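Trainee: Okay, predicted coordinates and the sequence, questions at the end:
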Amino acid sequence: MRRALILTLLVCALASVALAQAPAPSNVPPPPPAGVAPPPPAADATGAAPEAPPPAAPEATETAPADTQGARETPLDAEPFDVRVHRRLEEYNQRRAQREVEMNSYAEASGSDPGLERYADPRKVQVELKDELDREQTSEQLASDYAEQAREVLSKEQAVQDFIAKRRKTLDDLSKQNVNVNRQDLEVALANLARQPDSPEIQAQMRDLEQKLSEAERLEKDVPARQTRAQQEAAGAAEELAKLKELEQSYEKESKSFAADALSAHNNRLGLADRLEYYLVRAQAEDVLEQGRKATQSVQHLSASPAVDKTLNSSAPSPKSDADLEQLKNCIQQSGDVQACHEKARQTHLPDDGKPL
């Protein structure tokens, strides 16, 4: 049972280590520099700009009804920025709360049974690995959201700058109109023509001067009001531009902060992967040590049988001399009884107590 648990832990640990060491996809575009408009989409071979791809459809869950025509989710592009950021953070906090519950369960299990600590520690590290991976991916998404919002604000800044430039040109044009129109000169010229003899040419010139004089009087009344309005609009736009620049800088700051959080989570995952590898190696070593302890506790050594000891402790028979062999040979030739001759030779070599040497 314990060996199967170790094998399962090994498979999970190797998968977690491989996941932690793999570089996470980074789709966070860097925020644009201040004062630079975002680049336009690249054109295709026909010279027309490619259409933006449609937003990916949300994945259906198990509890989702088959007919979603009447309840379609809001596309991500149509979701307001603040709502999208709030949703990402809320979903992340919910997932983290679930992981904290899992972590507490491992802590309670190891606290009630100290023998389970060696199994609870790597499980907790695996949960922490998932937590850091979720933090890294969510931070990258938020960094991308803030960078995209900064680009949108930058485009609004460009529009406000164009508006201010347009109002300044209007002020320049009004100033030139006010300078070029001299009402007193027109009145003097009209008075001089009135003293001339009446003729169709004089009447035409007088009508032309009267029209210019009327236009000059209208400009005298209209130009100051238009100048004041243009100055007020330009000043108000300049204030809005300053606020937009401040907002853009705030978005850029948040984007960089979330990018830093993503990098921090990635580095933490590498450290947790090392810690999980350590727990795995230690668990394997402890398992081998436990098996060795059990194998050495009840060791039964094998001893030799009493017969072996008796044989080894007895003296070896002394070798027969040449005279004994010659006597045995003569006995066998004379009597022909081999067994009796051997018995006679054995009795000859017995000591005084009658026991064999």
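Mentor: Okay, I see it. Numbers count the residues shown, from 1 in each chain.

Trainee: Quick check: Ala345 vs Asn330, distance?
Mentor: Note on Ala345: its distance to Asn330, by C-beta to C-beta, to the nearest Å, is 11 Å. Every C-beta, even on glycine, is put in place using the N, C-alpha and C of the backbone.

Trainee: Next secondary structure element downstream of the least confident helix or strand in the chain by mean pLDDT?
Mentor: In the chain, no helix or strand scores lower on mean pLDDT, DSSP states H and E than helix 2-21, which sits at a mean of 52. Counting by DSSP states H and E, the element after helix 2-21 in chain order, helix or strand, is helix 81-112.

Trainee: helices or strands next to that next one in the packing?
Mentor: Helix 81-112 makes packing contacts with helix 117-180 when contacts are defined by 3 or more C-beta pairs under 8 Å, 6 or more residues apart in numbering; DSSP states H and E.

Trainee: tell me the angle the helix it packs on makes with helix 81-112.
Mentor: Interaxial angle, helix 117-180 versus helix 81-112 (axes from the mean of the first three to the mean of the last three C-alpha atoms, to 10 degrees): 160 degrees.

Trainee: what helices or strands is helix 117-180 leaning on?
Mentor: Applying 3+ C-beta pairs under 8 Å, 6+ apart, one finds that helix 117-180 makes contact with helix 2-21, helix 81-112, helix 200-297.

Trainee: Adding mean neighbour count, write those helices out as TSV.
Mentor: Listed next are the helices and strands packed on helix 117-180 as TSV, based on neighbours: other C-beta atoms under 10 Å:
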stretch	mean neighbour count
helix 2-21	14
helix 81-112	13
helix 200-297	15
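
Trainee: Could you dump these into TSV with distance to Ser314 added?
Mentor: TSV is the format used below for the helices and strands packed on helix 117-180 (distance: least, C-beta to C-beta, whole Å):
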stretch	distance to Ser314
helix 2-21	51
helix 81-112	64
helix 200-297	37
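
Trainee: between the ones you listed, which has the poorest average model confidence?
Mentor: Between the helices and strands packed on helix 117-180, the lowest average pLDDT goes to helix 2-21, which shows a mean of 52.

Trainee: Can you give me the neighbour number for Ser335?
Mentor: Counted with other C-beta atoms under 10 Å, the neighbours of Ser335 add up to 11.

Trainee: Is it correct that it is in contact with Cys341?
Mentor: Yes: at 6.5 Å, Ser335 counts as touching Cys341 under the criterion of C-beta atoms under 8 Å.

Trainee: Let me see the backbone angles for Glu79.
Mentor: For Glu79, the backbone dihedrals (degrees, to the nearest 10) come out as phi -80, psi 130.

Trainee: give the contact list for it.
Mentor: By C-beta atoms under 8 Å, 6 or more residues apart in numbering, Glu79 lies in contact with Arg87.

Trainee: what about it, distance to His86?
Mentor: For Glu79, the distance to His86 - C-beta to C-beta - is 10 Å.
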